Every structure is written in structure tokens, then in C-alpha cells.
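Visitor: One predicted model, sequence on top.
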Amino acid sequence: MNDVMTIALVNRLPELQRLWQAIEDFCAAHQLPAGICFDLRIAAEEIFTNIVKYGYSDAAEHPIAVELALRGNCLMVKIQDDAAAFNPLQIDPAHTAGKKKPGGRGVRLWRGLMDDIEYRRRDNKNILIIKKDLTSCNSSPTPRKASRP
Amino acid sequence: MQLIANTAEGITTLNLHGKLDSFTSNRLQEELLGLLVEGARKVIIDFSQVDYISSAGIRVFYVAAQRLEVISGRMVFCALPPHVKKIFDIVDMSSEFKIFVTPGEAFRHLREEVS
């Protein structure tokens, strides 16, 4: 498999299953540790569902492009969408700290799992790049293999 | 995701199996709040068989905690696998909920707690 994989999605929640499958395929093809795949899976869910739920003011179908790339010891995921501008780096991760409110933990969660994040707004598009340093992940807790079908 | 609930000595243990994500969390919320409607007031959530949890799953426990506060109930967690513990730590859940290593410890805590 190539070191770059692209997936064309639309802003519908069931598409998350395709995104997860692509991540699993990519991780398997590159024999990435299960902990990396687990972290990516969560980040993908948080970012994708956030775009789908809050990004658009119309009900139309919008493209969301995802690119997975392996560059040396760095795993990068680029997510590009034409949703309303949203810079996750401007979210204060502490805004839910100490508050027992149900929502608002998604950004904090995926930011905590990733090693580096880049965001830019260009041509009315959000371009988000999340990075995972593969060398720093060997000691991450590894999810237990599912024992059931 | 599968849920198995058992009640003994007024304490309900909810064993969760599988993934708590954007697709399964609605059902988890229905079932958990349903237990409270049916009268459960002391609840243990056993995470030992949870493979995955995202903020959609996390949210359910905060919704339940708010409900429990209103009805003077208690909810504690137990048996967190390392990958779940990591997630809880990132979002500070570990400091906001009581977490026990084993279901037995959680059970004894709720049984002995003066309500």
C-alpha cells in the first residue's frame, strides 16, 4: 500500500464507518501499533462528527476529504472541509475542566491524543492536520483485542 | 455494544461490552437513564469489557450524573482497562468520578456508604 491514502467522504454520520475502515486498513498495511490506530480512531470520530453536526447551516451534501500519510516516524491525517471556519487551536481545553457539564470534551480529548496539530483556513476551507509521532507511542496503553465477534 | 445489568442489595451493576461511540451512545443513554427511572439509585459501571470510548460515550455518564444528583443517587466506575483510563485522564473524568479497581471494591463502597 502507498504511504498516502485519500478518502472522499460527505457530511453524513454513517460515513464515519468508512473513515474508520480506512484508518484500520492504513494502520494494518503499515503494521502500526494498535495504540496508534486506537488514538486515530477516536480523533477521527471527534473531528468528523464535529464537522457533520456543527459545520453547516444547510442540509446539503458537502465533501470532506481525508488524507492519511506516513512520513518517516510521523503519521499525519489531513482533514479538509468547506464547513464554517473552526479553528480547534482556539478552543481553550480547560473550558470544561471542573464542570460537570455533559458536552464539550471532544476537542480536548482528541487534542490530548495527538502530538501536533496544524490548522489553516484557505479558499473558504478548513484544513486541519493532526500528527502522531510513532516513536512516542510505543509505551501507549494498547487496547485489548476484541474477544467477541 | 452490549449492556448487562444486575441488581443485588440495592446496587445495580451495569456491565458494558464493546464500543461506546457516536453510533451506540444513544442506546447507552436510554438504557442507563431507564435504569434510574426503574428505581436504581446506586449504580456501578463496569468498564472491563469496553474496547473503545469517545466523547459521545463520555457525555452519557455526565448526563446520568446530573440526573443522579437530582434524585440523590450515586454512580461509581470500576475495572477501567488502560486504554479507557487514558481517555478518562485526558478529559479529567478520573478526578470527577469515583473509580475503583475491582467491581467488588465498588460494590463494598456503595453498600457501606451512608446514603
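Guide: Cool, got the structure. The shown structure was predicted, so the numbers you read here are calculated from the model rather than taken from an experiment.
Visitor: number of nearby residues for the residue in chain B that chain A sits nearest to?
Guide: For chain B and chain A, the shortest gap (Cβ to the nearest Cβ) falls at residue B:82, measuring 3.2 Å. Heads up, the C-betas are built off the backbone N, CA and C, glycines and all. Per other Cβ atoms under 10 Å in any protein chain shown, the neighbour tally for residue B:82 reads 12.
Visitor: isn't residue A:133 right up against residue A:72?
Guide: No. Shown here, residue A:133 and residue A:72 do not form a contact pair, counting by Cβ atoms under 8 Å, at 9.8 Å.
Visitor: Please name the bridge partners of residue B:43.
Guide: For residue B:43, the beta-bridge partners are residue B:12, residue B:75 (DSSP bridges).
Visitor: Now for it: which residues touch it?
Guide: B:11-14, B:32, B:35-36, B:64, B:68, B:73-76 (Cβ atoms under 8 Å, 6 or more residues apart in numbering or on different chains).
Visitor: Same check on residue A:22?
Guide: A:5, A:7, A:66, A:68.
Visitor: In strands, which of these appear?
Guide: A:5, A:7, A:66, A:68 (DSSP state E).
Visitor: from the residues you listed, which would you call buried?
Guide: A:5, A:7, A:66, A:68 (16 or more other Cβ atoms under 10 Å in any protein chain shown).
Visitor: Please point out which parts of the helix or strand bottoming out on mean pLDDT in chain B sit buried.
Guide: Least confident helix or strand, chain B: helix B:93-96 with a mean of 91, by mean pLDDT, DSSP states H and E. By 16+ other Cβ under 10 Å, the buried positions in helix B:93-96 come out as B:93-94, B:96.
Visitor: low-confidence ranges in chain B?
Guide: B:114-115 (pLDDT under 70).
Visitor: how about residue B:46, what does it touch?
Guide: Counted by Cβ under 8 Å, 6+ apart, residue B:46 has contacts B:13-16, B:78-79, B:103, B:106.
Visitor: Which strand or helix spans it?
Guide: strand B:42-53 (DSSP states H and E).
Visitor: what's the next secondary structure element after that strand?
Guide: By DSSP H and E, the next helix or strand past strand B:42-53 is helix B:55-70.
Visitor: Okay, the residue sitting nearest the centre point of chain B and residue B:3: tell me how far apart.
Guide: In chain B, the residue lying closest to the centroid (Cα atoms, centre = their mean) is residue B:45, at 3.0 Å. Residue B:45 sits at a distance of 10 Å from residue B:3 (criterion: Cβ to Cβ, to the nearest Å).
Visitor: Residue B:20 now?
Guide: Taking Cβ to Cβ as the measure, residue B:20 falls 10 Å from residue B:3.
Visitor: Need the residues touching each of those two.
Guide: residue B:28.
Visitor: okay, the two: which has more neighbours?
Guide: Remark: of residue B:20 and residue B:3, residue B:20 carries more neighbours, 27 against 17, as counted by other Cβ under 10 Å.
Visitor: tally of neighbours for the closest residue to the more buried one other than its chain neighbours?
Guide: Of all residues not flanking residue B:20 in the chain, residue B:57 sits nearest, at 2.8 Å (Cβ to Cβ, 6 or more residues apart in numbering or on different chains). By other Cβ under 10 Å, 22 other residues sit near residue B:57.
Visitor: Confirm for me that residue B:57 is in contact with residue B:24.
Guide: Yes. Counting by Cβ under 8 Å, residue B:57 does reach residue B:24; the two are 7.5 Å apart.
Visitor: how about residue A:41, what does it touch?
Guide: Applying Cβ under 8 Å, 6+ apart, the residues contacting residue A:41 are A:20, A:23-24, B:52.
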